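> give me a model of this one.
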Amino acid sequence: FAPDCIVGHSAGAAVGLRMVLDGAVEPGAVIGINAALLPFGGPMRRIFAPMAQLFATTQLMPALVARRAGDVRSIRRVLAGTGSTLDEVGTRYYQRLLTREGHVAAVLAMMASWDLRSLLDQLGSLRSPLYLVSCSGDKAVSPVQAERVAAATSNATVIAVDGLGHLAHEEQPGQFAELISRLCRG
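Numbering: from 1, shown residues only. Below you'll find the model as predicted:
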């Protein structure tokens, strides 16, 4: 498996970068769309990590989330919290995903063990070009993160996209397909 380009959204960007930094793959470029590459800081870190660990160790939270996701209005609120506006089909896909307790439990488990400090420390050794696509309306991953991450490595480029949220590639798939294609060719 030798990808020419790795594209990751949010936490997927961290997974892709980890693969590259561990030497599992050597792509010509890495593209992070609203990449979640920085740990929570300040008081959020002290609150978030223990809560995620607690939620990941019990089946109560996945069951509650899955039950709540049965109401499409709650899904719309979650999506609005990302800064994205999806059509009815996209909203229903998220509803289907979030009503699955196993999926919710896996997300909580990932978040409970999420440690990005070593990734950030190693970004200086990244040889592949890194493109950080950052959307101004993202309420989940602040666009400021892309600038901070770019400052940690010499071969990162921030690409600002106006008016879209965290799920920008789902809001405007054609625009993102073209952008990804152009960056992978470049």
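
> how close does residue 64 sit to residue 19?
According to CB to CB, to the nearest Å, residue 64 and residue 19 sit 33 Å apart. C-beta coordinates here come from the backbone N, C-alpha and C atoms, glycine included.

> before we move on, what about residue 81?
Noted for residue 81: a distance of 29 Å to residue 19, by CB to CB.

> and if you look at residue 143?
Going from residue 143 to residue 19 by CB to CB gives 25 Å.

> and for residue 72?
As for residue 72, its distance to residue 19 is 35 Å (criterion: CB to CB).

> residues contacting residue 146?
32, 35, 132, 133, 134, 158 (CB atoms under 8 Å, 6 or more residues apart in numbering).

> tell me how far the third one lies from residue 143.
I take that to be residue 132. When distance is defined by CB to CB, residue 132 is 9 Å away from residue 143.

> and for the first one?
With distances defined as CB to CB, the gap from residue 32 to residue 143 amounts to 12 Å.

> which one's more surrounded, the two?
Set residue 32 next to residue 143 and count neighbours by other CB atoms under 10 Å: residue 32 wins out with 29 against 16.

> that one touches residue 133, doesn't it?
Yes: Residue 32 is within contact range of residue 133, at 6.7 Å (criterion: CB atoms under 8 Å).

> now the host helix or strand of residue 157: buried residues?
Using DSSP states H and E, residue 157 sits in strand 156-161. Across strand 156-161, burial judged by 16 or more other CB atoms under 10 Å covers 156, 158, 161.

> what comes into contact with it?
Strand 156-161 has contacts (CB under 8 Å, 6+ apart) with 123, 129-136, 143, 146-147, 149-150, 168, 179, 183.

> go again with 10 Å.
With CB atoms under 10 Å, 6 or more residues apart in numbering as the test, strand 156-161 has contacts from 29-34, 123, 126, 129-138, 143, 145-147, 149-151, 168-169, 172, 175-176, 179, 183, 186.

> please enumerate the strands of the chain.
Per DSSP state E, the chain carries strands over the ranges 5-9, 29-33, 130-135, 156-161.

> partner strands of the first one, with direction?
If you go by DSSP bridges, strand 5-9 pairs up with strand 29-33 (parallel).
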